[in-house]
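Student: Sharing a sequence plus its predicted fold:
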Amino acid sequence: MKFSELIRLLEQEGFRLIKQKGSIRYYMKAGHPHLIRVDFHGAKEVPTGTCHAIMKAAGLKGK
């Protein structure tokens, strides 16, 4: 999965970008207790472990 695809998935699930500093983006969703941090690198592939960790933190692991 590419970073842009991961961001698209998060946004489809209701997460919105709330702040950005350099390539680090923070996403939040109403009713979700934590910020989701994504080190965005555009068209590059997300490392497998990183992808799983972000999806787990967002509560999307089973999808």
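Tutor: Received the coordinates, thanks. Numbers count the residues shown, from 1 in each chain.
Student: C-alpha from now on. contacts and neighbour counts both.
Tutor: Fine.
Student: Residue 37 is in what secondary structure piece?
Tutor: Under the criterion DSSP states H and E, the helix or strand holding residue 37 is strand 36-39.
Student: any idea how far that strand is from the chain center?
Tutor: Remark: strand 36-39 is offset 5 Å from the chain centroid, using C-alpha atoms, centre = their mean, to the nearest Å.
Student: Partner strands of that strand, with direction?
Tutor: Sheet pairing here is set by DSSP bridges, and for strand 36-39 it gives strand 24-28 (antiparallel).
Student: May I see the buried residues of the strand it pairs with?
Tutor: Using 16 or more other C-alpha atoms under 10 Å as the burial criterion, the residues of strand 24-28 that qualify are 25-28.
Student: Sort out which one of those lies nearest residue 40 for me.
Tutor: Each of these was scored against residue 40 by C-alpha to C-alpha, and residue 25 proved nearest at 6.7 Å.
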